[in-house]
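# Need the 3D shape of this:
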Amino acid sequence: MAAPADGELRDVAERLVLAAFGALAMTAERAERIADDLSSLGGVRRDEARSAVEELAGRWRGDAVRISEKTRVSLAGVFRELGLATRDELDELELRVAQVEHRLRLVERDPV
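Model prediction:
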């Protein structure tokens, strides 16, 4: 089986991260509706229901951050196994090449 192309892996990674955040995103309006529903169904005071919803939303957001970090680390490992360079590595190489080119120009310009 052939390894997926660079763009395909990036696309899959982006979809995973967006899905995690999208599934856990909750607007204030939606949280209010859920709190209202909980208070009307369960006989719980609205402020208690709102507090519970906010606590759960906070936990979900924390989970989303952890999932995102784990995904980033896992993808970094996959990219490393495939022999792909990171942006930082490419930037460092570009700087080193520019330094070598500069030194070469200095040597060519000033013969001994």
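
# among the helices and strands of this structure, which one scores worst on average pLDDT?
Of all helical and strand segments in the chain, the minimum by mean pLDDT, DSSP states H and E falls on helix 6-24, at a mean of 63.

# Kindly spell out which helices and strands sit in contact with the lengthiest helix in the chain.
In the chain, taking DSSP state H as the definition, the longest helix is helix 46-81. Helix 46-81 sits against helix 6-24, helix 28-42, with contacts defined as 3 or more Cβ pairs under 8 Å, 6 or more residues apart in numbering; DSSP states H and E. In short, each C-beta sits where N, CA and C put it, glycine included.

# quick one: average pLDDT of the last one?
Going back to what we said before, that points to helix 28-42. Here helix 28-42 scores 71 as its mean pLDDT.

# can you check stretch 92-112 too?
On average, stretch 92-112 scores 90.

# Tell me which residues are up against that stretch.
Ala85 (Cβ atoms under 8 Å, 6 or more residues apart in numbering).
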